[in-house]
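**Student:** sequence below, structure please.
(chains A and B)
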Amino acid sequence: MLQSSLFTKTRKEAPKDEVSKNADLLIRAGFIHKEMAGVYSYLPLGFRVLEKIANIVREEMNAIGGQEVSLTALQDKNVWEITGRWNDEIIDVWFKTNLKAGGELGLAPTHEEPFTSLMKNFIRSYRDLPLYTYQFQTKFRNEIRAKSGILRGREFLMKDLYSFSKNEEEHTIFYEKMSKVYHDFFEKVGLGEHTYFTLASGGSFSKYSHEFQTVTSAGEDTIFVCEKCKMAVNKEVREKQKMCPHCKNEDLTEKTSIEVGNIFNLGTRFSDTLDLTYLDDKGKPQPVFMGSYGIGIGRVMGTIVEVLADEKGIVWPKSVAPFLVHLISVGESEEVKTASQEIYDALNAQKVEVLFDDRDARAGEKFADSDLIGIPYRIVISEKTLAEKSAEIKVRATGKTEMRPLADLKKDAIAVLDVF
RNA sequence: CGGGGCGUGGUGUAACGGCUAACAUGCUUGUUUUGGGAACAAGUGACUCCGGGUUCGAAUCCCGGCGCCCCGACCA
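**Tutor:** Here you go, the predicted model:
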């Protein structure tokens, strides 16, 4: 993509009402736009990142047998009244409104009820189970206090998967598989070494649940981490439960963190109340055993910014970066223009995602913008580099800089970049 | 929801109750520049959040509303 055609521009200063690092950088670099407290729009660069993250999740969910669907955000209150969760005292983040024709509805803050209810139409026999289904959906939560940029918003994109199993045994097998998949996911998006599998409260669902907590000062949870086994326990259940047999109290260190994913054992809480049953091999009705598994896509994006950014700007991991390469032409000579256009064309031909800063701007401004936007590889072409028939390659994360022949980039850019 | 802070050109800031609301940045045009946010010049851009009130006079003081941020509580 040509940067000159990108409608967003970088800014030197963030609006004063943004204090959090993620919103500050994402707004200055042009990834997001704030509509109101806790509500952000995603602009071209930001949307690309969001999609990258979602696609990684999608691959993982498909790989363990998830079937993607898209349920509605508008919710009929009836099914929620059956489970008792239409009550504002039980779920205090409802956005509710009235239909003009009469009747009350709400914007889904989560989707246990509609998924359970939906499956009553499709689950009949033990042969139908287990079954896993998921979606990417905008969730609406009327948070009393939105905060920390895109980390806690009132409207946000979430992946939620629901598992339907015959019994607890079958459920546990999947639950553990999902834990592993979540680990892989956080590894892939660059948060692996900061993210801990954490024992936490099960809320209204069950005694315990598991969260994936990323250590960052921008977080709002407190966890106790054991580096030995890479696990943690949330403060909320700290007194009640030790996290694992080989962790001693003195091994644990207290950290501030943010919940980037969670997995819940729902048991038969929803299938009992909503009457979701199947016939077992003896023809007897049994309640379906359920689980739910969430990942906040926007929150993961914000967390990546919080954890990996440096004083110059954002640092995207390759897996989620809006582009792999930021191509920058320095100088306005015909040679530079021609050479950078050729490299741009060559990268596109090789299906390398590239943002080409073709603007008529000075080097300093382009470099500063590039650092702010945080694309993994920067390739600079100037009269200096052309004198050596080369381009300068700089790695955003490490600052490592080296020259590489133009011919090599034209032949196979990925091979050239992979060395770094 | 309790506490605190704050609303002024697109953005960041300034202005004692008193001149045509200032400065920086951005944007436009021109000249000169061209490897780390260039220089000069000329432009552009604000009913000072909204509504009342006090006053000869309000961005400034008072009341009400709306909005934003932070701390705490809360977080299915």
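
**Student:** what residues sit buried inside stretch A:319-336?
**Tutor:** A:319-330, A:336 (16 or more other CB atoms under 10 Å). (Each C-beta comes from the backbone N, C-alpha and C, glycine too.)

**Student:** quick one: which of these is nearest residue A:235?
**Tutor:** Set against residue A:235, the nearest of the buried residues of stretch A:319-336 by CB to CB is residue A:320 (29.4 Å).

**Student:** what strand or helix carries the closest one?
**Tutor:** Assigned by DSSP states H and E, residue A:320 belongs to neither a helix nor a strand.

**Student:** returning to what we had before: now, the buried residues of stretch A:319-336 that are in helices?
**Tutor:** residue A:336 (DSSP state H).

**Student:** of the buried residues of stretch A:319-336, which are in range of RNA strand B?
**Tutor:** Here is what survives when the buried residues of stretch A:319-336 are matched to RNA strand B using CB under 7 Å from any atom of the strand: residue A:330.

**Student:** turn the buried residues of stretch A:319-336 into a markdown table, including pLDDT.
**Tutor:** Converted to a markdown table, the buried residues of stretch A:319-336 look like this (pLDDT from 0 to 100):
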| residue | pLDDT |
| --- | --- |
| A:319 | 98 |
| A:320 | 98 |
| A:321 | 98 |
| A:322 | 98 |
| A:323 | 98 |
| A:324 | 98 |
| A:325 | 98 |
| A:326 | 98 |
| A:327 | 98 |
| A:328 | 97 |
| A:329 | 97 |
| A:330 | 96 |
| A:336 | 95 |
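
**Student:** from the buried residues of stretch A:319-336, pick the one nearest RNA strand B.
**Tutor:** Among the buried residues of stretch A:319-336, residue A:330 lies closest to RNA strand B (CB to the nearest atom of the strand), at 4.3 Å.

**Student:** OK, contacts around the closest one?
**Tutor:** A:336, A:363, A:366, A:380-384 (CB atoms under 8 Å, 6 or more residues apart in numbering).

**Student:** phi first, then psi, for it.
**Tutor:** Dihedral angles of residue A:330 (phi, psi; degrees, to the nearest 10) stand at phi -120, psi 120.

**Student:** again with residue A:359
**Tutor:** phi -70, psi 160.

**Student:** residues contacting it?
**Tutor:** Contacts here follow CB under 8 Å, 6+ apart; on that basis residue A:359 touches A:3-4, A:366.

**Student:** just residue A:37 next, same as before
**Tutor:** With CB under 8 Å, 6+ apart, residue A:37 has these contacts: A:146, A:154.

**Student:** again, but for residue A:24
**Tutor:** Per CB under 8 Å, 6+ apart, neighbours of residue A:24: A:14, A:18, A:149.

**Student:** what sits against residue A:230?
**Tutor:** A:196-197.

**Student:** go on, residue A:274?
**Tutor:** Per CB under 8 Å, 6+ apart, neighbours of residue A:274: A:79, A:82-83, A:113, A:116-117, A:120.

**Student:** is it possible to export these to TSV including secondary structure and distance to residue A:409?
**Tutor:** Converted to TSV, the contacts of residue A:274 look like this (DSSP: H, G, I helix; E, B strand; the rest coil; distance: CB to CB, whole Å):
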residue	secondary structure	distance to residue A:409
A:79	helix	57
A:82	helix	62
A:83	helix	58
A:113	helix	54
A:116	helix	53
A:117	helix	55
A:120	coil	57
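
**Student:** mind giving me the ChimeraX select for these, buried ones only?
**Tutor:** In ChimeraX, this line selects whichever of the contacts of residue A:274 come out buried by 16+ other CB under 10 Å:
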select /A:79,82,83,113,116,117
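
**Student:** and the furthest pair within the contacts of residue A:274?
**Tutor:** A:83 and A:120 (13.2 Å).

**Student:** write out the residues of the stretch 1-150 of chain A neighbouring RNA strand B.
**Tutor:** The stretch 1-150 of chain A has residues A:9-20, A:28, A:36-38, A:85, A:91-93, A:109-110, A:139, A:141, A:143-148 near RNA strand B, with proximity defined as CB under 7 Å from any atom of the strand.

**Student:** can you flag the buried ones in these?
**Tutor:** For those, buried by 16+ other CB under 10 Å: A:10, A:14, A:18, A:20, A:28, A:38, A:85, A:91, A:109-110, A:139, A:141, A:146, A:148.

**Student:** farthest pair within these?
**Tutor:** Checking those with CB to CB, the most distant pair is A:10 and A:85, at 43.7 Å.

**Student:** how many neighbours does residue A:363 have?
**Tutor:** For residue A:363, the tally of surrounding residues (other CB atoms under 10 Å) stands at 13.

**Student:** OK, contacts around it?
**Tutor:** Residues in contact with residue A:363 (CB under 8 Å, 6+ apart) are A:330-331, A:382.

**Student:** kindly reformat those residues as CSV containing distance to residue A:74.
**Tutor:** Shown next, in CSV, are these (distance: CB to CB, whole Å):
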residue, distance to residue A:74
A:330, 52
A:331, 55
A:382, 55
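
**Student:** show me where the stretch 251-400 of chain A has strands.
**Tutor:** A:252-267, A:277-279, A:285-287, A:289-296, A:325-329, A:354-357, A:377-381, A:390-395 (DSSP state E, counting those that start in this stretch).

**Student:** same question for the stretch 101-250 of chain A.
**Tutor:** Counting by DSSP E, counting those that start in this stretch, the strands of the stretch 101-250 of chain A are A:104-107, A:131-140, A:155-165, A:195-201, A:208-215, A:221-226, A:231-234.

**Student:** all set, thanks.
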